[in-house]
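Colleague: generate coordinates for the sequence data below:
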Amino acid sequence: MIKFGTGGWRAIIGDDFTKQNIQTLAKALTTKMKDEGVTEKGIVMGYDRRFLSKEAMQWAAVVFATEGIKAYLINKSSPTPLVMFYVMKHEFPYGMMITASHNPAIYNGIKVFTAGGRDADEFQTKEIEEYIQAIKEPVEAMEYEEGKEKGLIEEIYPLNEYIDSIMAEINMEAIRSTGLRVALDPMYGVSETSLRIILQTARCEVETIHDRHDTLFGGKLPSPSAATLYQLQNFVVDRGFDIGIATDGDADRIGVIDDTGKFLHPNEILVLLYYYLEKYKGWHGSVVRNICTTCVLDKVAEEFGEKCYEVPVGFKHISAKMNETDAVIGGESSGGLTVRGHIKGKDGIYAAMLLVEMIAVTGKRLSEIIKEIEAQYGAISMEEHDYHFSNEKKAEIRKVLLEEKRIPELPFKIDHVSYLDGSKVYFENGGWVIARFSGTEPLLRIFAEMPDTADAAKIVELYEDFLGLK
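Modeller: Numbers count the residues shown, from 1 in each chain. As a prediction, this is how the structure comes out:
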């Protein structure tokens with residue numbers, strides 16, 4: 001039952017996310033490491049604030065210790081990008097993070113990172129699944145304290161090293177001269193300490209909401225979206241902040257409220273940062289986006305004589321293409337992004353600081369920069385809808401979209417259709433619509449981007465009728 005999706009293995013706590021399955025996965029990875037001859041360095045592990053995250057990390061660690069592989073455990077709940085940074089900086093062959101990222105509170109999971117601090121790609125995760133299937137006997141594991149006594153488990157807390165790396169990349173001096181006021185919403189997750197330290201070092205005024213430890217995430221989905229950040233919107237407007245910053249449960253994704261209280265879609269954040277890095281910082285290079293992310297990035301790239309690359313969903317595809325093309329920035333419409341020279345995966349904390357730097361360096365409010373971009377490249381509208389389904393319905397939808405390759409009758413001229421990841425229709429007017437199954441949750445997702453809001457909504461409605469989703 002251990003299957004990796006686009007963001008690692010995720011499962012419902014007490015259903016498939018159990019001690020037995022966690023230790024089986026750990027055992028599989030120990031065998032893989034032995035076969036590859038990369039056990040000498042050990043493995044680094046971290047955990048977030050979800051229910052059983054710390055315990056799950058320790059359950060996995062004792063398996064590695066039993067197999068003679070040293071486990072370095074980050075001994076406080078920490079951001080996922082910290083683990084990726086530590087794997088990269090200290091040249092570990094593998095790392096693990098106990099998290100289900102932005103999934104509902106009933107989920108937990110494990111992300112596996114490979115050399116360089118990258119998300120394990122589909123080839124690596126497929127191999128791990130094969131090692132799992134080969135395990136026939138119960139997994140043996142020593143006691144946690146025994147592992148510590150034998151020096152096979154070591155507790156570490158490298159937060160300062162990670163924070164220092166971000167401050168070295170950000171124009172802290174420019175931020176210090178502006179006296180910006182920043183509102184934070186870690187969504188009961190793990191970003192508050194890191195962001196507060198960096199922002200206050202840059203002499204920003206910082207106030208935080210939803211910073212306590214709550215494994216139920218306040219009863220909300222720990223995903224920074226327009227639906228979940230209404231309290232941050234009110235907080236920014238009522239108290240006159242320059243920016244509101246939110247991160248998901250493990251701090252690898254970002255949500256932003258501008259100075260007017262408007263929720264900035266992750267697409268807008270990506271466009272903002274690529275535009276800023278090219279125009280104001282003088283960087284040069286391509287941009288990478290996944291197949292569900294705005295094509296405005298293509299227009300910005302073209303303006304600066306660069307190229308935009310489209311890849312399937314899953315940040316491993318973005319980081320791989322960035323590495324191949326030396327791209328300036330890569331990201332996705334769900335709020336994850338990274339920048340050249342930083343870690344090879346998503347980092348909501350670094351992205352937040354880059355936005356704060358942008359306000360300081362340009363001397364413009366976020367709302368002003370958004371207007372500047374819209375005036376140059378045009379405004380777009382995106383509709384996003386998620387649909388739950390039965391196994392029978394999933395098979396029916398898969399047959400229609402991916403086997404028979406049928407699409408509804410659409411009122412716009414079609415340029416071409418792609419099956420790179422799901423079914424995506426590109427229109428001659430620059431708009432598009434995609435229907436694909438989520439790789440992290442049992443959902444069908446439909447995205448439509450068009451120059452006109454009503455047209456985007458109409459296309460989604462046509463797909464709903466065509467697939468019988470209402």
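Colleague: beta partners for the residue nearest the centre of the chain?
Modeller: Nearest to the mean C-alpha position of the chain, by Cα atoms, centre = their mean, lies Gly336 at 3.9 Å. Using DSSP bridges, the beta-bridge partners of Gly336 come out as Arg253.
Colleague: where along the stretch 51-200 of the chain do the strands fall?
Modeller: Ranges of strands in the stretch 51-200 of the chain, per DSSP state E, counting those that start in this stretch, are 71-74, 94-98, 107-114, 118-119, 153-156, 181-185.
Colleague: which strands or helices does the third one pack on?
Modeller: This means strand 107-114. strand 8-12, helix 19-36, helix 53-66, helix 80-89, strand 94-98, strand 118-119, helix 122-133 (3 or more Cβ pairs under 8 Å, 6 or more residues apart in numbering; DSSP states H and E). Any C-beta I mention is one placed from the backbone N, CA and C, and that applies to glycine too.
Colleague: about what we covered before: hey, least reliable of the strands of the stretch 51-200 of the chain by pLDDT?
Modeller: In terms of average pLDDT, strand 118-119 trails the rest of the strands of the stretch 51-200 of the chain, at a mean of 92.
Colleague: mind listing what it pairs with, with the direction of each?
Modeller: In the sheet, strand 118-119 lines up with strand 107-114 (antiparallel) (DSSP bridges).
Colleague: what residues does the strand it pairs with touch?
Modeller: Strand 107-114 has contacts (Cβ atoms under 8 Å, 6 or more residues apart in numbering) with 4, 7-13, 17, 22, 25, 29, 50-53, 56, 60, 80, 83-84, 87, 93-101, 103, 119-121, 124-125, 128, 345.
Colleague: same check, this time on stretch 19-39
Modeller: With Cβ under 8 Å, 6+ apart, stretch 19-39 has contacts from 1-2, 9, 11, 43, 56, 59-64, 67-69, 93-94, 96, 110, 112, 127-129, 131-132, 134-135, 139, 141.
Colleague: list only buried entries from these.
Modeller: By neighbour count, with 16 or more other Cβ atoms under 10 Å, those hold 2, 9, 11, 43, 56, 59-64, 67, 69, 93-94, 96, 110, 112, 127-129, 131-132, 139, 141 as buried.
Colleague: before we move on, back to that, residues contacting the residue nearest to the centre of the chain?
Modeller: Asp252, Arg253, Ile254, Pro266, Phe315, Lys346, Gly348.
Colleague: so what pLDDT did it get?
Modeller: So, for Gly336, pLDDT stands at 90.
Colleague: gap between it and Ile175?
Modeller: Gly336 sits 23 Å away from Ile175, taking Cβ to Cβ, to the nearest Å as the criterion.
Colleague: check Trp9 too.
Modeller: The spacing between Trp9 and Ile175, counted by Cβ to Cβ, is 38 Å.
Colleague: likewise for Asp15?
Modeller: Distance from Asp15 to Ile175, by Cβ to Cβ: 45 Å.
Colleague: the two: which is more packed in?
Modeller: In this view Asp15 and Ile175 are compared by other Cβ atoms under 10 Å, and Ile175 has more residues nearby, 24 against 11.
Colleague: let me see the confidence value for the more buried one.
Modeller: pLDDT for Ile175: 98.
Colleague: ok, it touching Arg203?
Modeller: Yes - counting by Cβ atoms under 8 Å, Arg203 is a contact partner of Ile175 at 7.3 Å.
Colleague: break this protein down into its structural domains.
Modeller: Taking automatic domain parsing as the reference, the chain has its domains at 4-157, 162-285+345-377, 381-467.
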